[in-house]
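Engineer: output the structure for:
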Amino acid sequence: MTKREYAKYLGDIIDEVIDLDVESDDLRHQFYEYFQAFMPNGTNIEKVFKPIKEGNLYHKRLLQIFNATKGIFNELAAEGKTPAYFCPAPTKNKELLLLYGEKYIENLTLFSKITADQEFIDTMTQIKTVEISDLDVRTNKNDTNAIVYESISDWFIDNTDYEATIEVLSEAYYAINCDYNLSYYFQYPSYKEKINFDVFEPYFKIWEMGYYCWFNQGKLVIGK
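Structural biologist: This next block holds a predicted model:
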């Protein structure tokens, strides 16, 4: 199945005609927020991955967003609102958050060595602690976080098969919560031959618990 055939197939699943740009080979942006069409329970989402090799692996991962967010969706729906993105309710289990934070540091430290990016490697060796912030302001605009973000992005740009059929959904993955790291977690089956461990699983777990995380001055900060 070509990417264009797959794009038309995806439109049929949600009973909508996807307006394809016949002059473009890049169909990704036409599927931004595509997964939102399956809110709140993910009904029929398995059909999305039926034509994809090892589609069950992608399906199993994606189901988790519906399980994590349908409570918030139903609360908003009762008020006549529809959420634009997938947002889980925050947890009160701070100990588990800290454990996932420590595991995320461990995973990224290993991943930095895979990238062979020396600046990334050096930066991760300086990350020693995890802090939970109750502030409403994110302090993610700093040099440490920028190095980590750019190093991760560069590796995925260089190691993505842009001809793969599943790439049609890359913007749909990003639009889950406007978060590239989260999208990398859901697309891990595409990279498992190059990364032999689930590098962003702890990141996903932190998100699933209603939090976000970033790096700043030798620590991982977990906040809302």
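
Engineer: please name the nearest non-neighbouring residue to residue 129.
Structural biologist: Leaving aside its chain neighbours, residue 129 sits nearest to residue 219 (4.5 Å; criterion: Cβ to Cβ, 6 or more residues apart in numbering). Placement of C-beta: from N, CA and C, glycine included.

Engineer: what is the least confident helix or strand in this protein?
Structural biologist: helix 3-13 (a mean of 89; mean pLDDT, DSSP states H and E).

Engineer: enumerate the positions of stretch 70-80 that are buried.
Structural biologist: Across stretch 70-80, burial judged by 16 or more other Cβ atoms under 10 Å covers 70, 72-73.

Engineer: need the residues you listed in JSON lines with distance to residue 134, secondary structure and pLDDT, can you?
Structural biologist: Converted to JSON lines, the buried residues of stretch 70-80 look like this (distance: Cβ to Cβ, whole Å; DSSP: H, G, I helix; E, B strand; the rest coil; pLDDT from 0 to 100):
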{"residue": "70", "distance to residue 134": "26", "secondary structure": "helix", "pLDDT": "91"}
{"residue": "72", "distance to residue 134": "20", "secondary structure": "helix", "pLDDT": "90"}
{"residue": "73", "distance to residue 134": "25", "secondary structure": "helix", "pLDDT": "91"}
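
Engineer: could I get these as TSV with distance to residue 168?
Structural biologist: Below are the buried residues of stretch 70-80 laid out as TSV (distance: Cβ to Cβ, whole Å):
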residue	distance to residue 168
70	25
72	28
73	25
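
Engineer: give me the domain ranges for this structure.
Structural biologist: 1-89, 90-159+194-224 (automatic domain parsing).

Engineer: what strand or helix carries the most centrally placed residue in the chain?
Structural biologist: Nearest residue to the geometric centre of the chain (Cα atoms, centre = their mean): residue 182, 1.8 Å. Taking DSSP states H and E as the definition, residue 182 sits inside helix 180-186.

Engineer: noted, bye for now.
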